[in-house]
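Undergrad: A structural model of the following input is requested.
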Amino acid sequence: MTSVSVLGIRHHGPGSARSVRHALERLRPGHVVIEGPPELDALVPLAGDPGLVPPVAGLVYDVEDPRHASFYPMAVFSPEWVALRWALENGAAVQFADLPAANRLAMDRAEGDEPDDAGDDAGGMRDAQPPDRPDVRIDPIGALAEAAGYDDPERWWEDAVEQRAVGDDALARFAAVRDAMAEFRAGFDDDDLDTRRLLEREAAMRKVIRKVVAGATEPVAVVCGAFHAPVLHPDDWPTATADNTRLRGLPKTKVAATWAPWTSGRLAHRSGYGAGVDAPRWYEHLFTVDEDVVAHWMVGAARMLRSHGHDASAAAAVEATRLAETLAALRGRPVAGLAEVTDAAVTVLGNGSEPTMRSIHDELLVGHALGTVPADTPLVPLARDLAAHQRSLRLKVSAEQKVVTLDLRQASQLARSVLFRRLHLLGIPWAIETSAGRTGGTFKEVWTLEWQPELTIAVIEASLFGTTIESAATAKAVDRATSADSLQQLATLVERCLVADLPAALAEVLTVMAERTALAPDQQALMAAVEPLARSVRYGDVRGTDTTAVAAVMDTVVTRVAIGLATACASLNDEAAAEMRPAIEAVDRGVGLVRDARLLGLWRDALAALPAGVHGGVAGSVTRILLDCGRLTIDEATRRLGRALSLVHAPGDTAAWLDGFLAGDVALLLHDPHVFGLIDAWLCDLDEQTFEDLLPLVRRTFSHFQPGERRQIGDLVGRGPNAVRATDDDDIDLDRAGPAMAKVADLLGLGGPRDGDR
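TA: Alright, predicted model coming up:
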């Protein structure tokens, strides 16, 4: 029988990777079997392409439901990657062995499990925890560490395996690991080791190995998680019939496989990856640097600190190296590990300050590496179209956050914005829009770009809607329109179609919205649609988009809102009034945006015609809106306030009216003596019990003001009722104010006073 050598490793272990390389050099196998689903076999030829640069992941996904997928990550220091590359460079055949992803994904979906990154922990034991036996803790690394006198399993594994020098004893070490795992597994029966998933996986692995061995004339090497090693060696195989019986009848689904870029951040434990490591960049350093490992690391750390503005000299790097090696000797470790290096760096390079080192923690220990895949990697058409857009628009794909500022007056910048918005519509959040600041204007956008591996799945899922970004986004928008629950959702979708430059989708969405508008019985649903429609009409010209059809729909919506406003505001209780107030304010903002005199007049007439008996909160808010837009004089607004504060009204209704009236700018309260005096007198005339009852509502009203504004109100109260003085026209110096007023008017597009105007 052909000889079979089983190399039990730790996933993403640099020491394991070195040992695998040395063992393969000594064995010179003709066949290399690697733990992983057999669907990855189709990706093996691409592994020899120089364009495939780790970290990368084999991605296997359910063709019918791409959300169900598994990643199989590989870094440059992963033993699986080392074995794969060695086989390709030395002409050895490569097969992957594990439970097929077609079965695994079908089983996960049937059981309702969430999609997850594939991969086991240090020895391949992730599936070995018995769900119904909480008293059984299957942790071979922990047990072996305890036997060796270690209280930290990770530290023992690093000392015993990862950081040991390797050479001709690599095979002996793998044999020792296999024997240790066999001894450990002997203490458990099949029920303890998970009656289903783990044993199915190992049966599937043996099935592949049997097939390889049957046709092999040269040695076979098997690279797998250490926990699986004992049962994958031919000496411990059960019968083929037993394995086939265990695998018979498993559910199956249609899957596809491809290579996907991975990131160093997603190799870390903190990302939630089951086989992750604490410091991927440190592990890569351990694997790639052969001599003076700690010294090179400290030099890099010092350089990085200096780039962040900290003082870290070359002499300090030398001292930190000596301290790390001394700590390793004191702690009885064969070489300095991550703990010693970190402690030494904090003490010497960081001058004892942990926050100093924490400022470079992610960059130093995790890194921002993003792998690449060859151009001919099997991709869905949508992914190819996205890659073409990224190249043509000169958008670099990176795992590191990057802020991009766009000026929409430039064609290339506008094209970038359109791409970002189409991707967002497709559920591919590569770019997230952030605030452009107060000076941004309508021509400026700011986006934060960060590529995460999960976006690959999002692209595949979105490909169900089309083969190009534009066609997929169009189909997705139409699909959302038909399933929208409200007019507000449709209005928001109209806005998103406009800014994403999807005219075909926009026409379909507007058709659906027009039909829904004609039948909508809910006045607030119509009101909620006004503001997003208004934004679409108002800012469509920035992108050169024809908004005529949107304006027509908005005209219909605003007309219906104005006609039905009085009925909608009748007989409102406190809860309904609390919903109506922001709805009215949103409509007013929207109508004000479009600068349509007819619509504006129609809406403001509807506000002015509201009967006196509407809920106090709504009446106060409407009064303030009419005052701010000039439909009410200050004298008329003051008379309304006086009537609202009269004793004929219940205190609660009065407080609600006041809350709506004061919801705007505080200037009215600070600079109008009549308004200030009326409110001050009303509060002073309340009896103690009523005041205590109304205090929460009054406090909420004044909490909307800034702290400085509240202090000004307090100062005025302290100075007495005559503290607020009206400003006479004689106090205004028009000669000095004229230029400033003209500039403000120009900025607002209102024309305004010119030189000599008074």
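Undergrad: and Trp262, how far from His228?
TA: 23 Å (C-beta to C-beta, to the nearest Å). Placement of C-beta: from N, CA and C, glycine included.
Undergrad: and for Thr654?
TA: 76 Å.
Undergrad: swap in Glu35?
TA: Taking C-beta to C-beta, one finds Glu35 at 7 Å from His228.
Undergrad: the two: which is more packed in?
TA: Neighbour count, other C-beta atoms under 10 Å: between Glu35 and His228, His228 has more, with 28 against 25.
Undergrad: got the contact list for the more buried one?
TA: The contact partners of His228, taken as C-beta atoms under 8 Å, 6 or more residues apart in numbering, are 8, 35, 124, 201-202, 205.
Undergrad: tell me how far the helix or strand harbouring Ile713 lies from the chain's centre.
TA: Using DSSP states H and E, Ile713 sits within helix 707-719. Averaging C-alpha positions (C-alpha atoms, centre = their mean, to the nearest Å) puts helix 707-719 43 Å from its chain's average.
Undergrad: could you do stretch 280-300 as well?
TA: So, by C-alpha atoms, centre = their mean, the centroid of stretch 280-300 is 31 Å from its chain's centroid.
Undergrad: in this structure, what helix or strand scores lowest on average pLDDT?
TA: In the chain, no helix or strand scores lower on mean pLDDT, DSSP states H and E than helix 667-671, which sits at a mean of 66.
Undergrad: as a whole number, average confidence for the helix or strand just after that one?
TA: Going down the chain from helix 667-671, the next helix or strand is helix 673-685, by DSSP H and E. Regarding helix 673-685, the rounded mean pLDDT is 71.
Undergrad: do the same with stretch 327-342
TA: Averaging pLDDT along stretch 327-342 gives 87.
Undergrad: now do stretch 554-572
TA: 86.
Undergrad: got the buried residues for it?
TA: Buried residues in stretch 554-572, counted by 16 or more other C-beta atoms under 10 Å: 554-555, 557-562, 564-565, 568-569, 572.
Undergrad: which residues does that stretch contact?
TA: Residues outside stretch 554-572 that contact it (C-beta under 8 Å, 6+ apart): 487, 514, 517, 520, 523-524, 526-527, 529-530, 533-534, 537, 580, 584, 587, 591, 594, 596, 599, 602-603, 605-607, 609-611, 613-615, 618.
Undergrad: can I assume Val94 sits in a strand?
TA: Yes. Read with DSSP: H, G, I helix; E, B strand; the rest coil, Val94 is one of the residues of a strand.
Undergrad: so Ala570 versus Ser621, what's the distance?
TA: Between Ala570 and Ser621 the distance is 16 Å, computed by C-beta to C-beta.
Undergrad: hmm, I was thinking of Thr2
TA: 85 Å.
Undergrad: who has more neighbours, the two?
TA: For Thr2 versus Ser621, the count of surrounding residues by other C-beta under 10 Å is larger for Ser621: 27 against 16.
Undergrad: C-terminal to the helix holding Ile713, what's the next element?
TA: Downstream of helix 707-719, the first helix or strand assigned by DSSP H and E is helix 734-748.
Undergrad: buried residues, that next one. List them.
TA: In terms of neighbour count (16+ other C-beta under 10 Å), helix 734-748 has its buried residues at 738, 742.
Undergrad: chain center to that helix, what's the gap?
TA: In terms of C-alpha atoms, centre = their mean, the centre of helix 734-748 is set 45 Å apart from its chain centre.
Undergrad: what of stretch 559-566?
TA: 41 Å.
Undergrad: thinking again about what came up before, format the buried residues of stretch 554-572 as a markdown table; extra columns: secondary structure and distance to Ser646.
TA: Output for the buried residues of stretch 554-572, formatted as a markdown table (DSSP: H, G, I helix; E, B strand; the rest coil; distance: C-beta to C-beta, whole Å):
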| residue | secondary structure | distance to Ser646 |
| --- | --- | --- |
| Met554 | helix | 40 |
| Asp555 | helix | 40 |
| Val557 | helix | 37 |
| Val558 | helix | 35 |
| Thr559 | helix | 36 |
| Arg560 | helix | 35 |
| Val561 | helix | 31 |
| Ala562 | helix | 30 |
| Gly564 | helix | 30 |
| Leu565 | helix | 26 |
| Ala568 | helix | 27 |
| Cys569 | coil | 21 |
| Leu572 | coil | 21 |
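Undergrad: quick check, Val6 in a helix?
TA: No. Checked against three-state DSSP, Val6 lies outside a helix; its state is strand.
Undergrad: now it: how far from Met205?
TA: 10 Å.
Undergrad: next up, the contacts around the residue most central in space within the chain.
TA: Note on the chain: the residue nearest the mean C-alpha position is Pro429, at 7.4 Å, using C-alpha atoms, centre = their mean. Pro429 sits next to 423, 455, 458 when contact means C-beta under 8 Å, 6+ apart.
Undergrad: switch to 6 Å and redo it
TA: For Pro429, no residue meets the contact criterion (C-beta atoms under 6 Å, 6 or more residues apart in numbering).
Undergrad: so it belongs to a helix, correct?
TA: No. Assigned with three-state DSSP, Pro429 falls outside any helix and is coil.
Undergrad: gap between it and Phe71?
TA: Per C-beta to C-beta, Pro429 is found 18 Å from Phe71.
Undergrad: just to revisit the earlier point, who wins on neighbours among the contacts of His228?
TA: For the contacts of His228, the largest number of neighbours (other C-beta under 10 Å) sits with Gly8, at 31 neighbours.
Undergrad: between the helix holding Ile713 and helix 673-685, how big is the angle?
TA: Per axes from the mean of the first three to the mean of the last three C-alpha atoms, to 10 degrees, the angle that helix 707-719 makes with helix 673-685 is 70 degrees.
Undergrad: and helix 707-719, what's buried?
TA: Quick answer for helix 707-719 (16+ other C-beta under 10 Å): 709, 713, 716.
Undergrad: can you add pLDDT and distance to Leu338 and give these back as JSON lines?
TA: Shown next, in JSON lines, are the buried residues of helix 707-719 (pLDDT from 0 to 100; distance: C-beta to C-beta, whole Å):
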{"residue": "Glu709", "pLDDT": "73", "distance to Leu338": "53"}
{"residue": "Ile713", "pLDDT": "73", "distance to Leu338": "58"}
{"residue": "Leu716", "pLDDT": "73", "distance to Leu338": "63"}
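Undergrad: among the residues you listed, which one sits closest to Asp680?
TA: Nearest to Asp680 out of these is Leu716 (C-beta to C-beta; 8.6 Å).
Undergrad: and the strands in the protein?
TA: Listed in chain order, the strands of the chain (DSSP state E) span residues 4-9, 31-35, 56-62, 69-74, 93-97, 220-225, 255-261, 402-407, 431-434, 444-449.
Undergrad: out of the ones you listed, flag the one nearest Asp680.
TA: Here strand 431-434 is closest among those (C-beta to C-beta), at 42.9 Å.
Undergrad: who touches that closest one?
TA: Applying C-beta under 6 Å, 6+ apart, the set of residues contacting strand 431-434 from outside is 420, 446-449.
Undergrad: domain parsing for this structure?
TA: Using automatic domain parsing, the domain ranges for the chain come out as 4-261, 289-366, 381-465, 502-728, 729-758.
Undergrad: deepest-packed of those, please.
TA: domain 4-261 (a mean of 19; mean count of other C-beta atoms under 10 Å).
Undergrad: off-centre distance for that one?
TA: That offset, for domain 4-261, works out to 31 Å (C-alpha atoms, centre = their mean).
Undergrad: what bridges to the closest residue to Trp81 other than its chain neighbours?
TA: Computed as C-beta to C-beta, 6 or more residues apart in numbering, the closest residue to Trp81 that is not its neighbour in sequence is Met74, at 4.1 Å. Beta-bridge partners for Met74, by DSSP bridges, are Val56.
Undergrad: who are the neighbours in contact with Met74?
TA: Going by C-beta under 6 Å, 6+ apart, Met74 touches 54, 80-81.
Undergrad: okay, the spatially closest residue to Glu202 that is not a sequence neighbour and Ala315: tell me how far apart.
TA: Once flanking residues are discounted, Glu202 sits nearest to Val231: 5.3 Å by C-beta to C-beta, 6+ apart. From Val231 across to Ala315, the span is 54 Å (C-beta to C-beta).
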